[in-house]
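Chemist: pasting a predicted model and its sequence here:
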There are 4 protein chains.
Amino acid sequence: MITTFEDKPRDKCAVMGVYNHPRAANFVYLGLYSLQHRGQESSGIVTNDNGTFYKHIDMGLVADVFSETSDMERLIGNIAIGHNRYSTTGMVKKINAQPLVVSSKYGPMAISHNGNFVNSQVLHNKLEDEGAIFQTTTDTEIVLHLIARSKKEKMIDKVIDSMDRIQGAFSLAIMTRKKLIGVRDPRGFRPLCIGEKDGAYILASESCALDILDAEYIREVEPGEVVIFDKNGISSYRLTEKIKNSSCIFEYIYFSRPDSRIFGEKVDKARRKLGKMLALENPVDADRIISVPDSSNTAALGYAQETGIRFEIGLIRNHYIGRTFIHPVQTMRDFNVRIKFNPVKGVLKNKRIVVVEDSIARGTTLRYLVRMLRNAGAKEIHVRVSSPPILYPCYYGMDFPTKEELIASQMSIEEIREFLQADTLHYLSLEGLLNSVPRENCGYCTACFSGEYPIVPDHKVIKHQLENGIVTD
Amino acid sequence: MITTFEDKPRDKCAVMGVYNHPRAANFVYLGLYSLQHRGQESSGIVTNDNGTFYKHIDMGLVADVFSETSDMERLIGNIAIGHNRYSTTGMVKKINAQPLVVSSKYGPMAISHNGNFVNSQVLHNKLEDEGAIFQTTTDTEIVLHLIARSKKEKMIDKVIDSMDRIQGAFSLAIMTRKKLIGVRDPRGFRPLCIGEKDGAYILASESCALDILDAEYIREVEPGEVVIFDKNGISSYRLTEKIKNSSCIFEYIYFSRPDSRIFGEKVDKARRKLGKMLALENPVDADRIISVPDSSNTAALGYAQETGIRFEIGLIRNHYIGRTFIHPVQTMRDFNVRIKFNPVKGVLKNKRIVVVEDSIARGTTLRYLVRMLRNAGAKEIHVRVSSPPILYPCYYGMDFPTKEELIASQMSIEEIREFLQADTLHYLSLEGLLNSVPRENCGYCTACFSGEYPIVPDHKVIKHQLENGIVTD
Amino acid sequence: MITTFEDKPRDKCAVMGVYNHPRAANFVYLGLYSLQHRGQESSGIVTNDNGTFYKHIDMGLVADVFSETSDMERLIGNIAIGHNRYSTTGMVKKINAQPLVVSSKYGPMAISHNGNFVNSQVLHNKLEDEGAIFQTTTDTEIVLHLIARSKKEKMIDKVIDSMDRIQGAFSLAIMTRKKLIGVRDPRGFRPLCIGEKDGAYILASESCALDILDAEYIREVEPGEVVIFDKNGISSYRLTEKIKNSSCIFEYIYFSRPDSRIFGEKVDKARRKLGKMLALENPVDADRIISVPDSSNTAALGYAQETGIRFEIGLIRNHYIGRTFIHPVQTMRDFNVRIKFNPVKGVLKNKRIVVVEDSIARGTTLRYLVRMLRNAGAKEIHVRVSSPPILYPCYYGMDFPTKEELIASQMSIEEIREFLQADTLHYLSLEGLLNSVPRENCGYCTACFSGEYPIVPDHKVIKHQLENGIVTD
Amino acid sequence: MITTFEDKPRDKCAVMGVYNHPRAANFVYLGLYSLQHRGQESSGIVTNDNGTFYKHIDMGLVADVFSETSDMERLIGNIAIGHNRYSTTGMVKKINAQPLVVSSKYGPMAISHNGNFVNSQVLHNKLEDEGAIFQTTTDTEIVLHLIARSKKEKMIDKVIDSMDRIQGAFSLAIMTRKKLIGVRDPRGFRPLCIGEKDGAYILASESCALDILDAEYIREVEPGEVVIFDKNGISSYRLTEKIKNSSCIFEYIYFSRPDSRIFGEKVDKARRKLGKMLALENPVDADRIISVPDSSNTAALGYAQETGIRFEIGLIRNHYIGRTFIHPVQTMRDFNVRIKFNPVKGVLKNKRIVVVEDSIARGTTLRYLVRMLRNAGAKEIHVRVSSPPILYPCYYGMDFPTKEELIASQMSIEEIREFLQADTLHYLSLEGLLNSVPRENCGYCTACFSGEYPIVPDHKVIKHQLENGIVTD
């Protein structure tokens, strides 16, 4: 038996782009490396050397895909885009790895995409009706078909024309013969920011990719904005009039790296506020506060700071784990948790423990963790979750378990507590969540908590991946 | 330094298709294995299980690409097509490996192609103008675009409509949701035959693929014919009125396997006639006849039979050689030949030797061979070539050296003899060649010898591979 | 350029053994996985099925070496030993991967070793003089030669006889046809403990390997003890009279996992005391305490607890990094640190920061870290090291930089502070170190700090690896 | 199901050595390449650069093992030895790949071995009794133990002393710190020859390895001779007084390459004589003579020459086959033969065919071949075997099927004919065989035909591979 580990929502992909650097690929490489947490299935870079595109894409982590110096040396040119892709069980396909590159009337074009279209099946069918043929099952190929078929004359108009037909979440980096183009959907679901270093422009999903390059953070690509980097510098266009944006609040809770700045705020700061707010809403009389490392660390520190209870490292995470693992001992029920975490008995023994977790999807991992803590001697276990119960699926690029698998959509909080075998269980309220993040210039999508979908998808059932009857390996 | 070995024209690819066998992939696999001589760069199979297509394609020999039992077990379905691709130096690209599979309005479609279009650039540009995007640099993708865009209603009409727009050489196996389709261009440049076993129909480039399956040889797909295998059995359609066909005479000289039957004749028989005719035109007073193994064996036997001179094995060929080889001894000038052939001194010593070779492209290999034979003690060396001097490039699917590299287009025969350091050198005449092959129902393309091109390509300079500005690995 | 990352002393290997479990290999596998931090170069398991030994060893992490279910299924038998090996630059050799297996008069024998002999060259030469031939350059092979050549009759006497000839550090798991044997050198340099689960006995370098199996911790193998597991259960023998032991104090400082229990104490507890003692000895007026994650986390928490200054996560560690990494941006001086750590600006900006680090070897990494923190806005940076200055090389199994590379043996503390560009720098005193660890039943080797070597090596210059004139790959 | 193909006895290994060439490894590489037919399981080279040995050994063909230029560039030094190893089913082990390299009192030593000891188990046990430990299951390791333990002072005396203890077949290349040593057992079972080029000396199993280097053939290493190449040039020593030699006659029949010269004769010449003698002993009235390619080609030509019947190529051999092959069509009984050979129908149809085969072991392949020829239209099939019936196992280095599997030891010739479904079947007589090979200075081992073993093995049952209770992968 092979075991996989994901029990949390997963974001879909990281996007990078660089304009006007003699070794653009190197910048993209480092950026992708720092964005590895957004996708570990495949990685790719496409460069542009005076109109000739060079491509290297493969399955695996950034460091593995570009493990040879020669891989990088081939990627010449001063424009480049890159992509990390995440993996869903059983759908790992090299053919869907990005960036996607095609030739067209306008020469070669390449694209990296983070997000999800809610009308992709409609667009796909319409394009096929018009005679298009598809080689992948990604939303991304749709964008290239739309651009290639647009009747507009100028590239910027083709892009705007195409984007106007797409509904959903998309942060894109598009590379044409002479330009690098960044696009963010009108509601700004996913982050995308602009940096600058030594006269080169950088597009990146999160600002941590700028930090690793020691590049200057300029600003976010605004919701509904198209930015074009070319020989005239940077120009900005709008897809539509400004509408209320709906940035994914889960980026603050779990997805983004704490050292990134997104939607105008440092993630670390927002996450600590979540912990403090959680403490205000749900205090507890306990001896120690521990986090489920590493994603809940900051919230746990916030909780500790607010309550004055001592923060300790009560769980050690094994970082040598791969994404899959042979399960040699079939009778060991909590195997998944056991190979990922080990309790620090000295911290836990005879103590009343608060465990801070950022979110609960299925709850199975947390259940085993609670048992592990109990076996290690914890006297009481109080679970505190720094986000509200996840009740609804996401159609904008997060890969959740299905509604049936989301524990909070199937059980009451008391039932979940019982399932987890925790002494107490409390979630942060939606109000508390919204009060912890900056509100001035930003609206949020909270659909997974509230069911209020900013864009209604055009089919009842949305699949994350188009089906086209082709099974590749 | 890495050395590659090809000094002969190379054919472009092998095609297989099977309809109505519960393990169609297995038949395709064995057929491709027997057609390995037509392409060693990549191999692939696509199967069709009630409309769902399964694909396994990779770089390498058939036995390597399908080296795991699980590779084959995944390929379920009772229709399948397959392909072997040949390799030209420096253009080995996985993205161009076939069969090519796409989804379209009509569901998934897959295609295997042997040949070369002479108007591919025109078609490619036209399709891009209409908004098509291309992901490969193959002719093959063009076919799929044409079919997907055809305004005709029925699949057969779409295929005919599309083929009518293509000029050049093509033997195709196309798989749709419910059909297997075989197509051969109106001039019948490349072979394609039909077999049958246990109620299953088989399409194959050469009949040796039927033999390995113990299948019955039915007939060739005729030039300009479209055959459709579906639940109604086999149906036949025509692309155009019958026109004079121009089958590639080089298939008899070198490409096809001697145990195959193509263009209505056994290759072995035709090849022996070439040897006899060569002997009649160019007799010689000598002690032994040897061949350059293995492709010239049959012609050498024919030559021996006609002249009564004893045939011997004077050169041993090393079959363990890969396609490339490290060249560790830089100072060894005839290294390429040395690792491929070893002379049998006992056969050669103090003998007057006739060396039969099927064809000469660059002449460099043969030059080293002559020297090797001389060093091994041969007293006289008489080179006899069982085809005329190659003077012109091929636009119909053979991968020749360029005109500048074709020795016969640069030197007189006496100069070639001098270059080879042979005592005498004679080629078979074009007339002798044509008199050795069946003429009743078949015309031949002899363009590489005569310069008479059956179809004039629409550009002065024809590239074998479309350029699209994308360099993949 | 390829970059490697180690700037800290590295321990040499992890040892596992299991007796009397139907799937002994599975237990060893999980144990090795939890001991991955002790060696990432190679991993191996040898099992014993009624006297037939099965072996699987390869370069790489545990999860990669045993990535196929079939790898594990082949490893049948109810006794097994395993090993993780660490890597020193440029000496990665598969031939040295362990366990080492040989056949001998007494049937097959296998051995796993953690430690270093100080008289290995002498023993090696003596054995060669007696006609022995060596196939590896490891200490480990010496043990097997000694046992095979011992004149004693019983296996236990052969083992004791052999061990008596060895000087230095060794924790061994030896498997013979019918027994599992654990040995720890008389001074007890390296840890080795005994566990039990479901009637099976387990030997492991650290107790975290028992935890992952949910096995019961029994006790340590005592310094100078030989434990034999066979059909008679567990028996204990002594190598020598008890002498003062010299356990490696660095195991508490850095090597062992915080959730392990070694030398009679929980590592986590000892490490927190180091932090508290460091605070008592070297308090500072500051705003925030951060650690260099992950190895310094516990000491930093101890420091925070003692001082009352707030602990924060000021550095994010990227866990996706492999052991090597292409360095695409040659001009980026602090590249090594940049791809491993990212500062959390919100935590650092305008703050007076205490950075707790467990130890300093070369100091280069820490220098870049200090600069990184400064650039992120830290107002003051106070480095506190939870161990004394490392001044001397280790001859007992730690892989240190050479004396010339050890910054503390080349510079005064003020010079180091200057080199690091820190505002202040303080180390824990040797006295403080010794006062932080349990002293009742345990003596420690502090040679790397004090130069007091418990056993004097018999050559002035000690190499960690025997040289035998053979360079393998 | 995976299919392997060997139905013939297989020789055990090829040996190469080079002394005094600045790029000795390159010479060894090319020599091994030309000796690939003697072993395809693994290949290795060890070089000696002023006493430091460099080693590269791996599973696979020469061209695959040394596929990187860097593999060769690492192998510096002006002395080198190499080895190709053959594979028997299920015993493919990297640990047994050669050359074997060890360190000893006399510095590093390496050895390549072709042959088989008949007293290896006795020697192995005796050495273990003396305290030796073994890491492989090869005869070869025994040699190194013997040399290392010899009490003699000079290396030549150690070698002679050791060889005197070994009984059986051995052609060895041994490399010490300063010497290259060639040894051939007193009966001269296996070939070993000496060549020279540009002042460098070469040892090789067959002379074809000299030809590929364009080196001069000097002479054979004589049976019972030890030749030493060192700074004093070449010196010769004897193991024993000259005794009647027993060279393996199967080398002429099947093993050696036809362009090699062994035991004082060209293989090609001997093999043609076998064909002629076979024709004289067993003439037949037939239309065509064909061979089972490639090993029987020369004998078939001899048969044709003697009888005047026309030689034709009636079977095409597929050279793309690997050593194993997925068997996707379980119901195809003659699958093994079908993927290896294809009949040329035009040659066979309605003809009376003589099939010349060099030897028959199991007979299963030939049986399917006869059926294949029959199905292709052959009117009569007359099998002629250019060696006598194989009745007995070989203890001197050939890997035969067991006695039970040897068809001729289980059936009468008439029964074999019936089994093969041939019209007639005749073998060459033992007398005819001996009359076809040079007799002046050479005696032969004919044990596999006659049962007369030159050296009686000391156990009733001889295994080709020592068992030591260790199963590696």
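Modeler: Sure thing, it's come through. Computed from a predicted structure; not experimentally measured. Numbering: from 1, shown residues only, chains lettered A, B, ... in the order given.

Chemist: what are the boundaries of the helices in the stretch 101-250 of chain A?
Modeler: According to DSSP state H, counting those that start in this stretch, the stretch 101-250 of chain A carries its helices in the segments A:120-129, A:139-149, A:155-163, A:208-211, A:250.

Chemist: got JSON lines for these, with mean pLDDT and mean neighbour count too?
Modeler: (C-beta placed from N, C-alpha, C; glycine too.) Listed next are those as JSON lines, based on pLDDT from 0 to 100; neighbours: other C-beta atoms under 10 Å in any protein chain shown:
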{"stretch": "helix A:120-129", "mean pLDDT": "92", "mean neighbour count": "18"}
{"stretch": "helix A:139-149", "mean pLDDT": "94", "mean neighbour count": "24"}
{"stretch": "helix A:155-163", "mean pLDDT": "96", "mean neighbour count": "19"}
{"stretch": "helix A:208-211", "mean pLDDT": "95", "mean neighbour count": "26"}
{"stretch": "helix A:250", "mean pLDDT": "95", "mean neighbour count": "27"}
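
Chemist: will you turn those helices into a markdown table that also has distance to D:Ser236?
Modeler: As requested, those are exported to a markdown table (distance: least, C-beta to C-beta, whole Å):
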| stretch | distance to D:Ser236 |
| --- | --- |
| helix A:120-129 | 81 |
| helix A:139-149 | 74 |
| helix A:155-163 | 82 |
| helix A:208-211 | 72 |
| helix A:250 | 83 |
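
Chemist: reformat those helices as a markdown table; add distance to chain B.
Modeler: Shown next, in a markdown table, are the helices of the stretch 101-250 of chain A (distance: least, C-beta to the nearest C-beta, whole Å):
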| stretch | distance to chain B |
| --- | --- |
| helix A:120-129 | 4 |
| helix A:139-149 | 4 |
| helix A:155-163 | 11 |
| helix A:208-211 | 24 |
| helix A:250 | 32 |
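
Chemist: which one of these lies closest to C:Phe170?
Modeler: Comparison of the helices of the stretch 101-250 of chain A against C:Phe170 by C-beta to C-beta identifies helix A:208-211 as nearest, at 44.9 Å.

Chemist: what lies in contact with that closest one?
Modeler: A:14, A:16, A:30-32, A:34-35, A:193, A:195, A:197, A:202, A:204, A:216-217, A:257, A:259-260, C:316, C:342-343 (C-beta atoms under 8 Å, 6 or more residues apart in numbering or on different chains).

Chemist: rewinding a little: closest to B:Glu414 out of the helices of the stretch 101-250 of chain A?
Modeler: For these, distance to B:Glu414 was read as C-beta to C-beta. The smallest value, 56.7 Å, belongs to helix A:139-149.

Chemist: circling back to that earlier point, and of the helices of the stretch 101-250 of chain A, who's closest to B:Phe449?
Modeler: helix A:139-149 (43.3 Å).

Chemist: quick one, which of the contacts of helix A:208-211 are buried?
Modeler: Neighbour-count burial (16 or more other C-beta atoms under 10 Å in any protein chain shown) applied to those gives A:14, A:16, A:30-32, A:34-35, A:193, A:195, A:202, A:204, A:217, A:257, A:259-260, C:316, C:342-343.

Chemist: in strands, which of those residues fall?
Modeler: Those of the buried ones among the contacts of helix A:208-211 mapping onto strands are A:Ala14, A:Met16, A:Cys193, A:Gly195, A:Ile202, A:Ala204, A:Tyr217, C:Ile316, C:Asn342, C:Pro343, per DSSP state E.

Chemist: the fourth one contacts A:Ile212, correct?
Modeler: Going back to what we said before, that points to A:Gly195. No. Counting by C-beta atoms under 8 Å, A:Gly195 does not reach A:Ile212; the two are 10.6 Å apart.

Chemist: what pLDDT does A:Phe117 get?
Modeler: With respect to pLDDT, A:Phe117 has a value of 89.

Chemist: with adjacent residues omitted, what lies nearest to it?
Modeler: A:Gly168 (4.0 Å; C-beta to C-beta, 6 or more residues apart in numbering or on different chains).

Chemist: report the beta-bridge partners for the nearest residue to A:Tyr396 once chain neighbours are set aside.
Modeler: Leaving out its chain neighbours, the residue that sits closest to A:Tyr396 by C-beta to C-beta, 6+ apart is A:Ala169, at 3.7 Å. Counting by DSSP bridges, A:Ala169 forms beta bridges with A:Asn116.

Chemist: mind listing residues that contact the helix or strand where A:Ile290 lies?
Modeler: According to DSSP states H and E, A:Ile290 maps onto strand A:288-291. Outside strand A:288-291, the residues that touch it by C-beta under 8 Å, 6+ apart are A:297, A:299-301, A:303-304, A:307, A:309-315, A:347-348, A:351-357.

Chemist: try it again at 7 Å.
Modeler: Contacts with strand A:288-291, where a contact means C-beta atoms under 7 Å, 6 or more residues apart in numbering or on different chains, come from A:297, A:300, A:303-304, A:309-315, A:347, A:351, A:353-356.

Chemist: and what of stretch A:406-416?
Modeler: Contacts to stretch A:406-416, defined as C-beta under 7 Å, 6+ apart, come from residues A:360-363, A:389-391, A:400, A:403-404, A:419, A:425, A:427.

Chemist: let's see that with 6 Å instead.
Modeler: With contact meaning C-beta atoms under 6 Å, 6 or more residues apart in numbering or on different chains, stretch A:406-416 is reached by A:Arg362, A:Gly363, A:Pro389, A:Ile390, A:Leu391, A:Lys403.

Chemist: quick one: which of these is most hemmed in?
Modeler: Each of the contacts of stretch A:406-416 was scored for neighbours by other C-beta atoms under 10 Å in any protein chain shown, and A:Ile390 scores highest at 27 neighbours.

Chemist: contact residues of the stretch 101-250 of chain A facing chain C?
Modeler: Within the stretch 101-250 of chain A, the positions near chain C by C-beta under 6 Å from any C-beta of the partner chain are A:Cys208, A:Asp211, A:Ile212.

Chemist: I'd like those residues as a markdown table, with distance to A:Val437 appended.
Modeler: Listed next are those as a markdown table, based on distance: C-beta to C-beta, whole Å:
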| residue | distance to A:Val437 |
| --- | --- |
| A:Cys208 | 18 |
| A:Asp211 | 21 |
| A:Ile212 | 25 |
